[in-house]
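Participant: Return atomic coordinates for the entry below.
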Amino acid sequence: MKPLTIGKVALATGVKVTTIRYYESIGLLAEPGRSESGQRQYGDDAIERLKFIRHARELGFAVPSIRDLIDMQSNAEGRCDSADAVAQKTLAKIRSRLARLKALEAELERMTTQCSGTSVKTCNILQVLSDHSLCADEVHVRPIDLDDTNFSGL
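Facilitator: The predicted structure follows:
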């Protein structure tokens with residue numbers, strides 16, 4: 001196969017050019033060869049690795065977990081219970097995030113149903129946002145703060 005430029009790899013994998021460079025800088029993706037002019041040149045292995053990383057990120061795996069999974073791939077004769085442990089840890093984080101999102105949903109629903117919609121002066125939403133003690137739940141943790149997992153749309 002003819003070597004591909006970073007732009008063509010980005011199009012083929014759905015991974016942004018800046019993200020590809022980042023993955024190279026942290027060692028998730030091997031440094032590519034270079035043309036005589038210094039342009040990056042990628043092969044099929046880079047495309048497969050980027051597809052793996054992208055899919056793992058879409059499923060909620062954090063970068064350190066992906067690094068561990070990639071390391072496991074290099075030992076085809078190894079046991080997969082380590083991969084299962086990584087997936088179980090990610091699943092636990094997702095379940096925790098879901099529980100927190102449910103709590104946030106309930107709080108926002110309570111705020112909006114109690115809003116009379118008459119005047120800003122008496123707006124329940126603005127009052128609750130201004131005074132945390134008016135919340136039904138004392139503790140709010142932003143669901144995006146759990147780790148570096150990226151969930152599109154949250």
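Participant: Please make it C-alpha for all contacts and neighbour counts, starting now.
Facilitator: Will do.
Participant: Alpha carbons of stretch 79-99, as CSV, please.
Facilitator: Output of stretch 79-99 as CSV, limited to C-alpha atoms (Å, rounded to 0.1, in the frame of the first residue of the first chain):
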residue,chain,number,x,y,z
ARG,A,79,-4.6,-14.4,28.8
CYS,A,80,-7.5,-12.0,28.3
ASP,A,81,-8.5,-11.7,31.9
SER,A,82,-6.5,-8.5,32.1
ALA,A,83,-8.5,-7.0,29.3
ASP,A,84,-11.7,-8.1,31.1
ALA,A,85,-10.5,-6.3,34.2
VAL,A,86,-9.9,-3.1,32.2
ALA,A,87,-13.3,-3.4,30.7
GLN,A,88,-15.0,-4.1,34.0
LYS,A,89,-13.3,-1.0,35.5
THR,A,90,-14.6,1.1,32.6
LEU,A,91,-18.0,-0.3,33.0
ALA,A,92,-18.0,0.6,36.7
LYS,A,93,-17.1,4.2,35.9
ILE,A,94,-19.9,4.4,33.3
ARG,A,95,-22.4,3.0,35.8
SER,A,96,-21.3,5.6,38.3
ARG,A,97,-21.6,8.3,35.7
LEU,A,98,-25.1,7.1,34.8
ALA,A,99,-26.2,7.2,38.5
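Participant: Please work out how many residues are found near Glu109.
Facilitator: When neighbours are counted by other CA atoms under 10 Å, Glu109 registers 12.
Participant: Show me how this protein divides into domains.
Facilitator: 6-61, 81-141 (automatic domain parsing).
Participant: And the ones you listed: which comes nearest Ile70?
Facilitator: Across those, Ile70 has its closest neighbour in domain 6-61 (7.9 Å, CA to CA).
Participant: what's the average pLDDT for that closest one?
Facilitator: The pLDDT scores in domain 6-61 average 95.
Participant: got the end-to-end distance for stretch 11-23?
Facilitator: 16 Å (CA to CA, to the nearest Å).
Participant: who touches that stretch?
Facilitator: 6-7, 9-10, 29, 47, 50-51, 54 (CA atoms under 8 Å, 6 or more residues apart in numbering).
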